[in-house]
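Asks: 3D model of this:
(one chain, ligands or ions: 1)
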Amino acid sequence: MALIPVVCPYCQTDKDVVKNGKTAQGKQRFLCRSEHCQGRSFLLNPSYPGRTLAVKEQIVKMSLNGSGIRDIARVLQVSTRTVIGELKKTKSAQSGQ
Ligand SMILES: [Zn+2]
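Replies: Sure, this is the predicted structure:
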């Protein structure tokens, strides 16, 4: 059985990551024991769709097509905060800041 290195999303280490049971949805939960994280837990595949690249791309595309923040949030089933945050990031990236 091959071991897949699990990288902590907070401190980017794969040295101090251990398995830590499963979530209610049956997803593997991990725990980071590095100095930085002090036992922070995370999931390898977050179930929240607002975090996936495909959704981020959809948010940008829909906004370019003139969809409002609430429309985008409803269609993609993410929160309006996710949409606003993503559009802010995209705008600052485009203006080169
Ligand atoms: Zn960590």
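Asks: contact residues of the protein facing the ion?
Replies: Proximity of the chain to the ion (C-beta under 5 Å from the ion) is limited to residues Cys8, Tyr10, Cys11, Cys32, Ser34, Cys37. Using the backbone N, CA and C atoms, a C-beta is placed for each residue, glycine as well.
Asks: make a markdown table from those and add pLDDT to it.
Replies: Formatted as a markdown table, the residues of the chain next to the ion follow (pLDDT from 0 to 100):
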| residue | pLDDT |
| --- | --- |
| Cys8 | 87 |
| Tyr10 | 86 |
| Cys11 | 89 |
| Cys32 | 94 |
| Ser34 | 94 |
| Cys37 | 93 |
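Asks: report the buried members of the residues you listed.
Replies: Cys8, Cys11, Cys32, Ser34, Cys37 (16 or more other C-beta atoms under 10 Å).
Asks: the last one against Cys8, yeah?
Replies: Yes - between Cys37 and Cys8 a contact is recorded at 6.2 Å, counting by C-beta atoms under 8 Å.
Asks: what touches both of these two?
Replies: Each of Asp16 lies in contact with both Cys37 and Cys8 under the rule C-beta atoms under 8 Å, 6 or more residues apart in numbering.
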